[in-house]
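Undergrad: Structure of the sequence below:
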Amino acid sequence: MAAARILVIEDDEDVARLERVVLERAGYDVRHAGTGAEGLDLAESFRPDVVILDVGLPDISGLDVCTSLSNSNNAFVLMVSGHSREQDVLLGLGLGADDYITKPFSGNELVARVASFLRRRERLLNKPEGESSLEFGEAHLDRNFHTLVRDGKSVALTALEFRLLWFLAEAEGRLLTRAQILEQVWNDTSGVPTRVVDVHVAALRKKIAEVDAPVELSSVRGIGYRLDKR
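TA: Now for the predicted structure:
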């Protein structure tokens, strides 16, 4: 079996060297880019399974790189920053990052995070896809293009947004707890903060509004979410 591909986008050579060494020792195929532009080019050709992305890049904000990766690549994104403020974490998660780690961190922690992503990826790959489209509330989800469509209007969804909306739409009218959502969409209830669900629901509400779909994502305080027809 081919080694999992890991792309490190980090301008600090010392940090990048540490990340590369520990990941290669763990058996991964690792490539490094020192700028955001180089990272995006390398992501297109290398097709990584996981991207380790520094927020503070010299040319392009790591947050902008994260957005581009989320729109064009199915890799898991682990954002790295020296900031630990909650708003910074939630902003990164809202732009499509799958997890967030703050400096300094140990090599063991980094490898553990990457291994968690890859286990999640394996479960997703082995999970039956089922139907290629799902109709709900005069709109439909297209699995082939990861889009939400209604009356000729369409909006692109990130991989996580798509899985989340599909899960909620399949359970239309039924309340789903955050734990259920994390288990089914993220395939993880231990390593992902529950607030990440709230961030992605907020992003989905905006995209649902873009196509004027007559549905709403209702929240039940302290419990979870439900998709309802309007």
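
Undergrad: Pairing partners for L7 in the sheet, please.
TA: Per DSSP bridges, residues listed as beta-bridge partners of L7: R31, V51.

Undergrad: Ramachandran angles for the closest residue in space to R178 that isn't next to it in sequence?
TA: The spatial neighbour of R178 that comes closest, neighbours along the chain excluded (CB to CB, 6 or more residues apart in numbering), is T194 at 4.6 Å. For glycine as for every other residue, the C-beta is placed from the backbone atoms N, C-alpha and C. Main-chain dihedrals, T194, degrees, to the nearest 10: phi -60, psi -20.

Undergrad: Then T158?
TA: For T158, the backbone dihedrals are phi -70, psi 170 (criterion: degrees, to the nearest 10).

Undergrad: How many residues are close by it?
TA: Other residues near T158 number 21, with proximity taken as other CB atoms under 10 Å.

Undergrad: now the strands for the chain?
TA: For the chain, the strands defined by DSSP state E cover 5-9, 29-33, 50-54, 76-81, 99-102, 133-136, 139-142, 147-150, 153-156, 176-177, 215-220, 224-229.

Undergrad: Output stretch 216-223 as PDB, nothing but the C-alphas.
TA: Taking Å, rounded to 0.1, in the frame of the first residue of the first chain, the C-alpha atoms of stretch 216-223 are listed here in PDB:
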ATOM      1  CA  GLU A 216     -33.800  26.200   7.400                       C
ATOM      2  CA  LEU A 217     -31.300  24.700   9.700                       C
ATOM      3  CA  SER A 218     -33.000  25.000  13.100                       C
ATOM      4  CA  SER A 219     -30.900  24.900  16.300                       C
ATOM      5  CA  VAL A 220     -32.000  23.500  19.600                       C
ATOM      6  CA  ARG A 221     -29.900  25.200  22.300                       C
ATOM      7  CA  GLY A 222     -27.300  22.900  23.900                       C
ATOM      8  CA  ILE A 223     -28.400  19.900  21.800                       C
END
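
Undergrad: Report the buried residues of that stretch.
TA: The neighbour-count check on stretch 216-223 (16 or more other CB atoms under 10 Å) flags L217 as buried.

Undergrad: What's the mean pLDDT across it?
TA: Taken as a whole, stretch 216-223 has an average pLDDT of 87.
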